[in-house]
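[1] Dropping the sequence and predicted coords here.
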Amino acid sequence: MLFKQLSLCFILSSTGVSSFSPVTTSSSTHHSIAVKGAFGLTGAGSTRSDGGRHQRQHQSQQPLMCGLIAAIDDIWNNNSNSDEGNKKEFGDATLLNDYDSEVNDALVQASKLLHHRGPDGMTVASGMLGLKESSGSDSSSNAAAVGPSTGAARWAMGHTRLAIVDPNNRNADMPFQLQFDVDGESKVIKLAANGEIYNHEKVYSDLVTNDGWDHERLSHSDCEVIAHSFAKHGGAATAKVLDGMFAFVIFEENQTTGEVKAFAARDPVGIKPLYYGHKSASDDVSKASSYVFSSELKGLVGQVDPSTVVAIPPGHYWTPEEGLVCFYNPDWLRKDDYEPWKEEGHEITEEEIREEFTKAVEKRMMSDVDYGFFLSGGVDSAIVSNVLLPLYRDAQLAQGGEYRPIPTYTVGMENSPDVMAAKAVVEALGGPKYVDHKIRYFTPEEVFDTIPKIIYHMETYEAELIRSSIPNWFLAEHAAKDVKMVLTGEGADELFAGYLYFQDAESPTQLQNELRRIYNMLGNINLHRTDRMTMAHGLEARVPFLDTKFTKLVMSINPEEKMVDPVAVKTNSRGREKSLLREIFEGPNANGDSIPDPVLWRAKAMQCEGVGEDWVSILQKQVSALVSDEEMEQAPTKYPINTPQTKEELYYRRIFDVHFHGMEHVVKLWEGGGRAMGAAWKSDMYTREGLKNVNLLKHSLQKEAIIA
């Protein structure tokens, strides 16, 4: 049995390479460097030899939110090398051209574009896979002697790190370079991952118990188990067994056979993003010379042909042989005839729902740094806080010492529906003794200047999404001053029919199908916003409502129980949207605290609406004034894909085009210009510009006079 951490580590300071630390080498030539992050110089960490194994000196759980970029030659489709007589040459690929250099500067610069996702440190590594080592020669000289061959592929990975657990431990920095002996074959795994695997302990223990796995974990990083599982069971089986939010890329070399594999996957809901594209081998754009992967579009700009860029859909994996394959196929999502509520004995109790949601919240509390939660003032975040607070208090008591109020963050204009409701929730939870509530007030005047930054980080031109991202930008910026992780109430509307337009659904079947439709868009809309706005400020967001087990439970409830009464919407009473959820959490929590009725039964407000009822119209007038009628007339010609329909949309499109020209096809828009417009039924509550009647959002906690 053999298990090695493979790296040739360089620590890069602001003046260049300052030290060199050889760890372990293999037949794969490679170099890696760790560069200074916002919180000090990072290194790759040391290893120790122990009976043929190499282990990190510090073993600890270490969830990482981060950014990744990776590239590899396409050797699977025989396009990456071109014949010139007997000579083989690799295609031009910026990230791979200097794979054997002491410092792969192009890789360093590309990784820096994702620094905001992981400000605690950055590590890059590159080399070659698929070369069999000649007897008596080291890997580097062997690579030079053999030269590029049909089975050889250059590879590169960059990883920026946001440390949440054991933040001072550098031993679990990615990309991981691990070596395993598996079933008589020697495998080398290169892994870069973004996210958190909640069941990582179980994944590893199942490998040991069920498969006789005797490779010790190197770091106890939650993401390291991805490599162990991949080495034993392959990519598809690994993606299916993971419970968490993740996006990862793996390059594997079988040193026994010389086979090289590439694999990428994204979590079932799309909480974490992942894109890929390729550099063309010829004038035929469909033929790849190399593949490049990135957490964000900006990492692919200049690295690939823009027209080849694809967002890996939620619940999918990719290989060069198969392309995109869906691995997340629950019956409730994929089968039109899924109706378990018609089966005899099928019953889901309120207690079951509360228990499963409590488990979902508790999973997401793992952290060695301060964390908090976003309290929008809506019922969803109020429920998260109501479940979280007793768990948080218990955790504080278990640690001993003085109780620290949990940091809580709200954004909005003075006297806005969200701000006033959030204040009421804080008081109901015990006030300042238990909750450190911080409010980021904003005015319509400061919104306009944030638009270019938001579009750069959001990488979209979808107007409804950009509008809702603006308050999220202010909120995340404010929270990131104090904490590195927050829990949010995202996702409840897609499970419990929470949007106002559901009042026009004509049947339970229509409602269930609409929930499935908008759930499938989460990775393009809600979760896209959640990830980009938090990670733009080095902040991680966790979404307990979208736990896959909880989701399966809720989507197995008879949709008749989720139907919405239009009269109840107007009167803020039972029967309104999301009544089932409200009633389940109407009673007191484990501490005896209840959600105030005006919050529990307030109207659903989109994230750009509840923070203030007039700022959106002010913004729309500002941006529309900067677009001429002539530009609107030329829009179909200039922007044939997803042509802007309003001046606001065209203004956002212009900014997007500056940064991501040629990638406009990647952006997925709501049919008809908004979420409600794509429903199977007709609803006149929303237009492309937003909610028609914002007075529906007012509630009794607001003051009589609106404070400007």
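    Now that the structure is in, tell me what you want to look at.
[2] burial count for the residue nearest to E671 when sequence neighbours are not counted?
    Leaving aside its chain neighbours, E671 sits nearest to G678 (3.6 Å; criterion: Cβ to Cβ, 6 or more residues apart in numbering). The way it works is simple: take the backbone N, C-alpha and C, and place the C-beta from them, glycine included. Residues contacting G678 under the criterion other Cβ atoms under 10 Å number 15.
[3] The stretch 251-400 of the chain: strands as residue ranges?
    With DSSP state E, counting those that start in this stretch as the criterion, the stretch 251-400 of the chain has strands at 260-266, 275-280, 288-294, 310-311, 316-319, 323-326, 371-374.
[4] Mean pLDDT, mean neighbour count and distance to L495 added to those, as CSV?
    CSV is the format used below for those (pLDDT from 0 to 100; neighbours: other Cβ atoms under 10 Å; distance: least, Cβ to Cβ, whole Å):
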stretch, mean pLDDT, mean neighbour count, distance to L495
strand 260-266, 97, 25, 20
strand 275-280, 93, 24, 27
strand 288-294, 92, 26, 30
strand 310-311, 98, 18, 23
strand 316-319, 98, 21, 21
strand 323-326, 98, 12, 20
strand 371-374, 96, 25, 18
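[5] from what I can see the residue nearest to E671 touches G672, true?
    Yes: with contact defined as Cβ atoms under 8 Å, G678 reaches G672; the gap is 5.5 Å.
[6] Which stretches in the stretch 451-600 of the chain count as strands?
    485-487, 540-542.
[7] Can you verify my assumption that D173 contacts G118?
    No: applying Cβ under 8 Å, one finds D173 not in contact with G118, separated by 10.0 Å.
[8] overlap in contacts of the two?
    Contact with both D173 and G118 is made by residues 159, 161, according to Cβ atoms under 8 Å, 6 or more residues apart in numbering.
[9] Could you pull up the contacting residues of S469?
    454, 458, 529, 532-533.
[10] okay if I get those residues as CSV plus distance to T209 and pLDDT?
    Output for those, formatted as CSV (distance: Cβ to Cβ, whole Å; pLDDT from 0 to 100):
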residue, distance to T209, pLDDT
I454, 48, 97
M458, 44, 98
R529, 40, 97
R532, 39, 98
M533, 41, 98
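[11] Buried members of those residues into ChimeraX, please.
    Listed next is the ChimeraX selection for buried residues among those, using 16 or more other Cβ atoms under 10 Å:
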select :454,458,529,532,533
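[12] Need the contacts of S469 in TSV (columns: distance to I439).
    Shown next, in TSV, are the contacts of S469 (distance: Cβ to Cβ, whole Å):
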residue	distance to I439
I454	20
M458	24
R529	20
R532	23
M533	17
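[13] what stretches of the stretch 101-250 of the chain score poorly on pLDDT?
    131-150, 164-172 (pLDDT under 70).
[14] Do you have the strands of it handy? List them.
    121-129, 153-163, 176-182, 185-197, 244-254.
[15] Which strands and helices lie in contact with the second one?
    To tie it back to what came earlier, the one meant is strand 153-163. For strand 153-163, the elements it packs on are strand 64-73, helix 105-112, strand 121-129, strand 185-197, strand 244-254, judged by 3 or more Cβ pairs under 8 Å, 6 or more residues apart in numbering; DSSP states H and E.
[16] now swap in the fourth one and tell me
    Counting contacts by 3+ Cβ pairs under 8 Å, 6+ apart, strand 185-197 is packed against strand 64-73, strand 121-129, strand 153-163, strand 176-182, helix 224-233, strand 244-254.
[17] Report the buried residues of that strand.
    186-197.
[18] farthest pair in these?
    S186 and E196 (29.9 Å; Cβ to Cβ).
[19] that older thread, is it possible to get JSON lines of the strands of the stretch 251-400 of the chain that adds distance to E445?
    Formatted as JSON lines, the strands of the stretch 251-400 of the chain follow (distance: least, Cβ to Cβ, whole Å):
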{"stretch": "strand 260-266", "distance to E445": "39"}
{"stretch": "strand 275-280", "distance to E445": "35"}
{"stretch": "strand 288-294", "distance to E445": "35"}
{"stretch": "strand 310-311", "distance to E445": "35"}
{"stretch": "strand 316-319", "distance to E445": "43"}
{"stretch": "strand 323-326", "distance to E445": "45"}
{"stretch": "strand 371-374", "distance to E445": "24"}
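[20] These: which one's closest to A106?
    Using Cβ to Cβ, those put strand 288-294 closest to A106, at 11.3 Å.
[21] Can you work out which other helices and strands pack against that closest one?
    strand 64-73, strand 275-280.
[22] R354 is nearest to which of the ones you listed?
    Short answer: strand 64-73, nearest of those by Cβ to Cβ, at 28.3 Å.
[23] on that earlier part again, what residues are up against the residue nearest to E671?
    517, 670-672.
[24] Same question for D267.
    D267 touches 195, 242, 244-247, 314-315, counting by Cβ under 8 Å, 6+ apart.
[25] Output the residues you listed in CSV; the columns should cover distance to L580.
    As requested, the contacts of D267 are exported to CSV (distance: Cβ to Cβ, whole Å):
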residue, distance to L580
G195, 30
L242, 30
G244, 27
M245, 26
F246, 30
A247, 32
P314, 25
G315, 26
